[in-house]
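Participant: take a look and give me a structure for this.
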Amino acid sequence: MVKENIFTFPVSTGTYQQFIDEIFNLSEHQFSSYVCFANVHMVIEAYNNPGFNTVVRGADIVTPDGKPVALFLRLKKIKQVRVAGLDVFPDLLREAEHRGKSVYFYGTTDEILDKIEEKARFEYPGLNIAGLYSPPFRKLSTEEEIGIVNQINAAKPDLVLVALGCPKQEQWMADHKSKIKGCMLGLGHAFKVYAGVSKRCPKWMQRLSLEWAYRLYQEPGRLWKRYFYTNSLFVLLTLKYLITRRSVSENHKRQIIFKCEYNVVLVPLQRFSHMMNVISNTLDQDLREICTKERCVVKELNIKSNYIHFRVSIPPEITISNLTEKLKQNLSAVLFKKNPSLKSNYPAKSFWTNGYFVSTDVLQDDVMNRYARHELVKN
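Facilitator: Model prediction:
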C-alpha cells in the first residue's frame, strides 16, 4: 500500500476494504508483520521521539485510525476514509471466521479477555480462537519473553491482536517482528470497547472528530494532559504545514519523474510480499529524507510489482543532474544496509533493476549510471 507522510509520520492509504484484504494478505504471504493504528497521539509521539518514529516506519501498514489523521490527508488531495481500530476489530473477527483464519488475543487483563472470548464465540461461532494471554504488568525476564513467543507460535495464529497501550504495544510488535509468526495488530482500546467495559462515543461525535472528547469525559484524570498537549501541537503543526505548503508551491514549479524498472527472480511467492514491503518502506523513508535535504518535495511514490515510480518537485536553484546524482549515491545500497535480514531470506542476485542493482553478495554502485531515466513534467 502507498504511504503518505503526515509531518514525519507515514500513513498508509486506500479504501477500508483494501486495508482488511491487505491485513489478511500479510498473514498469508509474510512470515511476520505488524500493523499500527495511527491517531493524533501516535502521530505526535512519533514526531517527538525519533526512536518511536522508526518503530512506526517499520510497520507494514499504518492505518489512519483518528478522524483528524484522515482529514489531514485531504489537505494533500487524498480522499482517505478513516480506518479505526474500533471498527476493524470486529470486522477482522468476522472476516477471519469467513476465511477460516485463527486469531490470538495478547494483552489487557484476564477479565477483559474472558469477556472478549465469550462475546466472540457467541457472535462468530465458527471463529478459531488460537489463544488468549494477559502478560504481567511489569518488565518480563528474558526467559518469560521466550516462553511467550513459543506459546504464541505453538498456537499457530494468523492474526495476533495486541493491547498494551501506545507506544508500548507498537514497540512490542517491532521487537517481535521476525519472532512472532503471524500478523500483529496494535488495537489497544478496541479490546475494552468490544468487551463492553468501555463505551464508544455516538456516531455524531465520530463524524465531528470528537471521539477524543468523549474519551476525555470517560477518563479525565488520565487523559487531559495528553489530549491538551497532543491536540494543540497537532493543530499548530497543521497550520505550519499549510503555511509552508503555500510557500513551497510558489517555489516548486518544476517536476521530475523517476522510473526504475526491475525484475524479481529466484524469490519464492510467499516471500515476494515481504520483499516488496521492505522495498516500499525503505525507499519511502530515504527518498523523502534526501529530497528534504535538497529542498525538494516528493509528490508521489508508487511501488509496483515491476517498477518503482516517484515524482519530485524541485525549486529553480536545484539542477536535475545534481538531484539525480544525489539519488544515485544514496539509494544504491540502502536496502541491504538498512535491512541486513534480507541477506538470509533471499538468494544472491535475486533483485535487480535497470537503474539500481542489489545483490546479497555485492552492492554494485557502478550500474547506477543507468538509474536516471527521467523527463520534465510541465505544471
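Participant: quick one: neighbours of residue 295, just the number.
Facilitator: 13 (other C-beta atoms under 10 Å). Every residue, glycine included, has its C-beta placed from N, CA and C.
Participant: correction: the previous question concerned residue 237.
Facilitator: By other C-beta under 10 Å, 17 other residues sit near residue 237.
Participant: who are the neighbours in contact with it?
Facilitator: Going by C-beta atoms under 8 Å, 6 or more residues apart in numbering, residue 237 touches 7, 47.
Participant: show me what counts as buried in the helix or strand containing it.
Facilitator: Using DSSP states H and E, residue 237 maps to helix 220-251. For helix 220-251, the buried set under the neighbour-count rule, 16 or more other C-beta atoms under 10 Å, comprises 223, 226-227, 230-231, 233-234, 237-238, 241.
Participant: and if you look at stretch 71-80?
Facilitator: Residues of stretch 71-80 classed as buried by neighbour count (16+ other C-beta under 10 Å): 72-73, 80.
Participant: for the helix or strand encompassing residue 93, list every residue counted as buried.
Facilitator: In this structure, residue 93 is located in helix 85-99 according to DSSP H and E. Within helix 85-99, the residues that count as buried by 16+ other C-beta under 10 Å are 85-90, 92-93, 95-97.
Participant: repeat that for stretch 21-31.
Facilitator: For stretch 21-31, the neighbour count (16+ other C-beta under 10 Å) marks 22-27, 29-30 as buried.
Participant: same question, stretch 203-211
Facilitator: Neighbour-count burial for stretch 203-211 flags 206, 209, 211 (criterion: 16+ other C-beta under 10 Å).
Participant: which ones among these are found in strands?
Facilitator: With DSSP state E as the criterion, strands contain none of those.
Participant: just those residues: which has the poorest pLDDT?
Facilitator: For these, the weakest pLDDT value sits at residue 209, with 73.
Participant: need phi/psi at the residue nearest to that one when sequence neighbours are not counted.
Facilitator: Once flanking residues are discounted, residue 209 sits nearest to residue 67: 4.0 Å by C-beta to C-beta, 6 or more residues apart in numbering. Here is the backbone geometry of residue 67 (degrees, to the nearest 10): phi -60, psi -40.
Participant: and which of the buried residues of stretch 203-211 is nearest residue 137?
Facilitator: Here the nearest of the buried residues of stretch 203-211 to residue 137, counting by C-beta to C-beta, is residue 211; it sits at 26.1 Å.
Participant: didn't the closest one look like it was pressed against residue 203?
Facilitator: No. With contacts counted by C-beta atoms under 8 Å, residue 211 stays clear of residue 203, the gap being 10.3 Å.
Participant: now the strands: where do they sit in the stretch 101-250 of the chain?
Facilitator: Ranges of strands within the stretch 101-250 of the chain are 102-107, 128-133, 159-163, 182-186, based on DSSP state E, counting those that start in this stretch.
Participant: can you tell me which of those strands is packed in deepest?
Facilitator: strand 182-186 (a mean of 28; mean count of other C-beta atoms under 10 Å).
Participant: partners of that strand, with directions?
Facilitator: Using DSSP bridges, strand 182-186 pairs in its sheet with strand 32-38 (parallel), strand 159-163 (parallel).
Participant: how about those strands, which one is nearest residue 44?
Facilitator: When the strands paired with strand 182-186 are compared by C-beta to C-beta, strand 32-38 sits nearest residue 44, at 10.5 Å.
Participant: what angle separates the closest one from helix 85-99?
Facilitator: Here strand 32-38 points in a direction 140 degrees away from that of helix 85-99 (axes from the mean of the first three to the mean of the last three C-alpha atoms, to 10 degrees).
Participant: quick one: contacts of strand 32-38?
Facilitator: So strand 32-38 is contacted by 9, 11, 23, 26-27, 42, 56, 58-66, 69, 83-85, 88, 170, 173-174, 176-188, 274, 277 (C-beta under 8 Å, 6+ apart).
Participant: what subset of the residues you listed is buried?
Facilitator: Using 16+ other C-beta under 10 Å as the burial test, the contacts of strand 32-38 include 9, 11, 23, 26-27, 42, 56, 58-66, 69, 83-85, 88, 170, 173-174, 176-177, 180-188, 274, 277 as buried.
Participant: hmm, residue 106 and residue 157 touching each other?
Facilitator: No. Contact criterion C-beta under 8 Å: residue 157 and residue 106 do not qualify, at 9.3 Å.
Participant: any weak-confidence spans in the stretch 151-300 of the chain?
Facilitator: For the stretch 151-300 of the chain, residues meeting the criterion pLDDT under 70 lie at 246-286, 294, 299-300.
Participant: quick one, helices of it?
Facilitator: Assigned helices in the stretch 151-300 of the chain, in chain order: 168-176, 190-195, 203-207, 211-218, 220-251, 269-293 (criterion: DSSP state H, counting those that start in this stretch).
Participant: how about CSV for those, with distance to residue 145 added?
Facilitator: Output for the helices of the stretch 151-300 of the chain, formatted as CSV (distance: least, C-beta to C-beta, whole Å):
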stretch, distance to residue 145
helix 168-176, 9
helix 190-195, 21
helix 203-207, 37
helix 211-218, 31
helix 220-251, 27
helix 269-293, 23
